[in-house]
Each structure stands twice: as C-alpha cells, then as structure tokens.
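here's my sequence, what's the structure:
(chains A and B)
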2 protein chains.
Amino acid sequence: MASIEWFDDLAVGMKFRSAEVQVTEADIKRFAAEFDPQPMHLDEEAAGRSMLRGLSGSGWHLCSLMMRMMADGFITRAASLGSPGVDEVRWLSPLRPGDDLTLDVDVLEARASKSRPELGIVKFKCTARNAKGEALCEMTSPILIKRREGAA
Amino acid sequence: MASIEWFDDLAVGMKFRSAEVQVTEADIKRFAAEFDPQPMHLDEEAAGRSMLRGLSGSGWHLCSLMMRMMADGFITRAASLGSPGVDEVRWLSPLRPGDDLTLDVDVLEARASKSRPELGIVKFKCTARNAKGEALCEMTSPILIKRREGAA
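Purely as a prediction, here's the structure:
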C-alpha cells in the first residue's frame, strides 16, 4: 500500500489493496470455538445442511481479519487514534476454509475535525474478496487519524 | 435467558440478559496480536499515551465476545440460520482488562419472511455492559431464524 502516515496524506477517492491473507479450516474452527460456536462454523455435517451449504467462517472472524489487513496495510503506520464504530457491515458470501483474502479500501470521506484541530475523520469502505474476486464482506467505518504537525 | 427455539417464540419488546463473561489482559493481548496489532491494544506504555488512557481491547474483540454471549444465551439453542450483516456498531467506552461483561438484548423487530415462509427475520439490539453497568458497545443486527413447523 501507499505510505500513509497522517490524515493529511489521505484524500477522497484514494484506493488501497492489502496483501493476501490465507484462512485455514483450523483457523475457522478455532475462532468459532472461542467466539461463535454455531454448528455451521464448527461441524462439516451440520454445515452441509445449513443455508451456506458447507463449512463457513464466522462473520466476526472475517471482520477481525479485515481489521488485521487494515492494520498491516497502513493503520499501524498511520497515526490512527481509533474508531467510534462501524456504519454498516454486510456479509455477502461465505468465508471458506483455504480462502485467500485481500482487502480493497476506498477513502469515501476525509474531513478535519472542527472541535479537535489535531485530528481528522476519514470514512473508509472496506471490501474483503476471495481469490476469485468475489466480495465476501463490505463495511463502512470512520477512523480518527492525527494531522501532521502544523498542518491544521 | 428464556427458552427460545423458533422465530415464533420471539416478539417485539422481549428483553434478555446474558450470563457474565470476564475478559483478562492476556485475552486482550492475544486477540490484538492476531487481529488488531495497534499499540493501544498491546503495549501499556503506548496505551497510556493513547486517547483511551490505558490498555483497551480491540473493538472487534468486544464484538466477538458479544457474539459469544448471544450464542451462549440463546442463538445456538434457537434455530438460527445466520445473519446478512450488522446495521450499526457503536464503540462507546473502552473494554478494559478484568472487565466482567454482560449483554442486554432487545427484540426491536420480528417479521415473517414473505418469500421464504419457513423463516422469520428478527432485529436485535445488543448492548455490552461492564460491571458498573456502563455501555461499552451497542449494535443492531438482523438474524434469520427458522419458524416452528406448521406455524407459517
């Protein structure tokens, strides 16, 4: 990804793509056992009878992997201060064992804070895709990012 | 929680409360190392300088714990078919090491599907609270739940 350090390095319309991350069946079952122990995420036979017709990862596992791809991509290098939440999460297609994921990130909005001149608020749209390019999950989220000193 | 097995057991206005779950510092750091390796979730010193003034858990860790409390509370007993997404997540106060969490669940909407008479769509509002009763996270999410046979 591009080198993003400060709010002032971001502009509406910028696009980034993460490095690839592979998800194994063991990863899916380990996450599910800890956080989302529904049969469709843990048991092949039950999963085969489910609406998704086969073992699938928890939607929260996918969101957490998207966070990791954001972090590796640039959030840990940028002066990120955290996020107040997520505007919308859409789980579009199932996460499958062996999927190679990438994250596409679009900068939808970027505005300096009026009340806190040392930071800006950037709204990102993040789309996780499998190796076929199918969108598995979309989410839109505002993130607070520090301004370069003297930029305000 | 009440015994919920089918869509037809749920009605608008119902409220549930989960059992308590404790989050340790080790849990927070383990989740962050895997999914959200930002200094505010991993390193006390950096966390002390952060906006949240002390080590805090990833918002995605909190969401995943909320899923677990939903699952333990009733989703794995109910005929849940999964969810298309989340309408909104708001992280309101930081998740701290040692927090004892409970989940308050409100049934906001419950409607039978017209196109798929074997299921209903229930919109839940979930609020995670610490032992002081402070709301740490709110989210609203639709979940697809099977109808009792012969109920449609």
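
which helices and strands does the lowest-mean-pLDDT helix or strand in chain A pack with?
Counting by mean pLDDT, DSSP states H and E, chain A has its least confident helix or strand at strand A:80-82, which shows a mean of 87. Strand A:80-82 sits against strand A:135-146, with contacts defined as 3 or more Cβ pairs under 8 Å, 6 or more residues apart in numbering or on different chains; DSSP states H and E. C-beta: built from backbone N, CA, C; applies to glycine.

and the strand it packs on, what does it pack onto?
helix A:59-70, strand A:80-82, strand A:85-86, strand A:88-91, strand A:100-112, strand A:119-129.

up against chain B, what does chain A have?
Taking Cβ under 8 Å from any Cβ of the partner chain as the measure of proximity, chain A contacts chain B at A:31, A:34-40, A:50-52, A:58-61, A:63-65, A:67-68, A:71, A:75-76, A:80-91, A:144.

OK, contacts around the most centrally placed residue in chain A?
With distances taken as Cα atoms, centre = their mean, the residue of chain A nearest its centroid is A:Met66 (2.6 Å). Contact analysis of A:Met66 by Cβ atoms under 8 Å, 6 or more residues apart in numbering or on different chains lists A:103, A:126, A:128, A:137, A:139.

mind putting these in JSON lines, distance to A:Ser18 included?
JSON lines is the format used below for those (distance: Cβ to Cβ, whole Å):
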{"residue": "A:Leu103", "distance to A:Ser18": "4"}
{"residue": "A:Cys126", "distance to A:Ser18": "9"}
{"residue": "A:Ala128", "distance to A:Ser18": "9"}
{"residue": "A:Cys137", "distance to A:Ser18": "13"}
{"residue": "A:Met139", "distance to A:Ser18": "14"}
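
buried members of these into ChimeraX, please.
Burial among these is assessed by 16 or more other Cβ atoms under 10 Å in any protein chain shown; the matching ChimeraX selection reads:
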select /A:103,126,128,137,139
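
and the contacts of A:Met66 as a markdown table, adding pLDDT?
Listed next are the contacts of A:Met66 as a markdown table, based on pLDDT from 0 to 100:
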| residue | pLDDT |
| --- | --- |
| A:Leu103 | 97 |
| A:Cys126 | 97 |
| A:Ala128 | 98 |
| A:Cys137 | 98 |
| A:Met139 | 97 |
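
ok, back up a step: rank the helices and strands packed on strand A:135-146 by pLDDT, which is bottom?
Least confident of these, judged by mean pLDDT, is strand A:80-82 with a mean of 87.

need the contact list for the residue nearest to A:Asp36 when sequence neighbours are not counted.
Setting aside the residues directly before and after it, A:Asp36 is nearest to A:Ser58 in space (Cβ to Cβ, 6 or more residues apart in numbering or on different chains), at 3.7 Å. Contacts for A:Ser58 (Cβ under 8 Å, 6+ apart) come out as A:28, A:31-32, A:35-36, A:38, A:41, A:95, B:64, B:67.

so what's A:Gln22 up against?
Here A:Gln22 is in contact with A:98-101 (criterion: Cβ under 8 Å, 6+ apart).

list only those of the residues you listed flagged as buried.
A:99, A:101.

distance check, A:Cys126 against chain B.
12 Å (Cβ to the nearest Cβ, to the nearest Å).

doesn't A:Leu101 make contact with that residue?
No - between A:Cys126 and A:Leu101 there is no contact under Cβ atoms under 8 Å: 11.4 Å.

can you check the pLDDT for A:Thr76?
66.

no, scratch that, I was asking about A:Leu52
85.

hang on, it in a strand?
No - judged by DSSP: H, G, I helix; E, B strand; the rest coil, A:Leu52 forms no part of a strand; its state is coil.

find the nearest non-adjacent residue to it, please.
The nearest residue in space to A:Leu52 (Cβ to Cβ, 6+ apart) is A:Pro94, at 4.5 Å.

which of the residues of chain A next to chain B count as buried?
A:31, A:34-40, A:50, A:52, A:58-61, A:63-65, A:67-68, A:71, A:75, A:80-83, A:86-87, A:89-91, A:144.

tell me how far the closest residue to A:Ile145 other than its chain neighbours lies from chain B.
Take A:Ile145 and drop its neighbours on the chain: the residue closest to it by Cβ to Cβ, 6+ apart is A:Phe7, 4.2 Å away. If you measure A:Phe7 against chain B using Cβ to the nearest Cβ, the figure is 14 Å.
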